[in-house]
Structures are given as C-alpha cells and as structure tokens.
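A.B. asks: Have a look; sequence and predicted model below, questions after that.
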Amino acid sequence: MAGDGRGNATILRRTAQACTAFLSEHLDADWTARVEVMGMTVAEVVAHIGNCLTWYAHDLAAGPAELSTLELEVKADSPLRDLVATLATGARVLGAVVATTRETERGWHPFGLADPSGFAAMGCDELLVHTADAATGLGTSFEPDSELAAATLHRLFPWAPTDVDAWNALLWANGRIELPGRPRLARWRWHCAPLSEWDGVAPVEPA
C-alpha cells in the first residue's frame with residue numbers, strides 16, 4: 001500500500017470480499033465456538049472486525065485528535081449473515097474515507113497518527129488475521145491471496161522477515177504463530193504512521 005487512496009481502497013475492498021466469502025461458506029457452523037487466542041466466540045470475533053472497520057473510518061475522518069464521543073458497537077448476537085454483511089459495509093465505508101482523504105492527513109490511533117494508507121492496511125489486517133482466528137474456532141483454516149497479505153505486511157510491518165511467504169510472516173507479526181528461528185511474539189505492534197517516519201527498529205508493545 002502506498003499513497004494511492006483509490007488503490008488502497010481497492011485492496012481493502014478485495015480483502016473484505018475474500019474474508020466475507022470465506023465466512024459466508026461457514027454460516028452453518030457453530031459460531032458460539034471459542035477462539036482461544038481472542039478469548040471470544042467466533043461471532044464476537046467477527047463483530048470485533050466490524051467494530052474496527054467502523055472505528056477506523058471514524059478516526060481517519062476525525063483527524064489527529066482522539067475523538068471518543070461516540071459508542072460504536074456491532075452486536076455479536078445479530079443474524080450471522082448480517083454480521084458478515086457488516087464487514088463488507090464497514091470496509092466500503094472505510095475505503096470511501098481512505099479514497100477521499102488527502103495523503104498528508106492523519107487520524108488518531110494508539111499506535112501512532114496514521115495516514116490513509118495506514119488506516120487501509122489496519123483494516124486489511126483486522127480482516128485477514130481475525131478471519132483466520134475465526135476459522136480456527138470453526139475448526140478449519142483460512143489463507144488469503146498472497147498479494148493481499150503482502151500489501152498489508154509491507155505497510156504495517158516493514159521489519160517482518162522476507163524469507164517466508166507473506167501470509168505466514170503476517171501471522172507471525174501479529175503474534176499468531178512461530179517461524180523457524182523466530183518464536184511466537186507475546187507482544188507486538190504495527191507501524192501505522194507513514195513509512196517515511198519509521199526509525200528502522202521493530203517496535204514492541206509495552207508490557
């Protein structure tokens with residue numbers, strides 16, 4: 001992902017399509033099953049994705065000062081088809097904000113003031129990684145197109161290993177798996193501010 005707002009919105013939309021297509025194939029499964037890595041049910045994980053997409057659109061539109069005047073929450077007890085539709089809707093709204101926001105503008109996030117490409121990548125990360133989380137609760141697995149994983153990885157985790165495929169590197173960077181010679185991360189964070197501001201050091205989330 002780079003400074004092309006429309007291009008980043010397209011990647012976000014493609015990511016949402018891949019994730020919602022996968023989830024739609026498993027509507028007959030048990031969405032009350034636990035996703036241990038999240039401490040939530042599958043339905044709650046999917047609702048969490050929807051929350052994040054909505055928050056990100058709001059935060060980018062609001063600008064660099066944290067604006068916490070609204071309570072935004074996707075209801076996890078909604079019909080499953082509606083939960084999945086919420087992800088497509090949230091991605092479309094976030095994509096519209098990304099596509100129409102100047103590259104130099106920032107929005108608040110606790111990991112740093114993100115530009116539009118950062119918010120698009122964070123939306124993709126929430127979709128990809130948490131869809132994989134939901135898949136574990138459903139007793140299956142999810143693997144997206146490598147192009148989508150690579151775009152997200154390179155924007156948010158420029159320090160990630162390049163000697164493995166992008167999807168496994170993205171899961172590792174999000175603390176989901178271990179890699180050969182690299183233990184599973186207990187704490188992690190991404191770089192959502194412009195890449196030009198990265199200091200070349202992998203950040204670590206404080207304990």
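C.D. replies: It's in.
A.B. asks: Can you show me the strands along the chain?
C.D. replies: 34-35, 40-41 (DSSP state E).
A.B. asks: Columns mean neighbour count on top of those strands, output as TSV?
C.D. replies: The C-beta positions use only the backbone N, C-alpha and C, and glycine is treated the same way. Converted to TSV, those look like this (neighbours: other Cβ atoms under 10 Å):
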stretch	mean neighbour count
strand 34-35	18
strand 40-41	19
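A.B. asks: Tabulate those in JSON lines, adding columns for mean pLDDT and distance to Leu195.
C.D. replies: Formatted as JSON lines, these follow (pLDDT from 0 to 100; distance: least, Cβ to Cβ, whole Å):
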{"stretch": "strand 34-35", "mean pLDDT": "98", "distance to Leu195": "31"}
{"stretch": "strand 40-41", "mean pLDDT": "98", "distance to Leu195": "31"}
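A.B. asks: how about those strands in TSV, adding distance to Leu67?
C.D. replies: Converted to TSV, these look like this (distance: least, Cβ to Cβ, whole Å):
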stretch	distance to Leu67
strand 34-35	30
strand 40-41	26
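A.B. asks: The spatially closest residue to Lys75 that is not a sequence neighbour: neighbour count?
C.D. replies: In space, and not counting its chain neighbours, Lys75 is closest to Ala47: 6.9 Å by Cβ to Cβ, 6 or more residues apart in numbering. For Ala47, the neighbour count with other Cβ atoms under 10 Å is 21.
A.B. asks: rewinding a little: among the strands of the chain, which comes closest to Pro183?
C.D. replies: The closest of those to Pro183 is strand 34-35. By Cβ to Cβ, the value is 21.6 Å.
A.B. asks: Since that was my last question, I'll sign off now.
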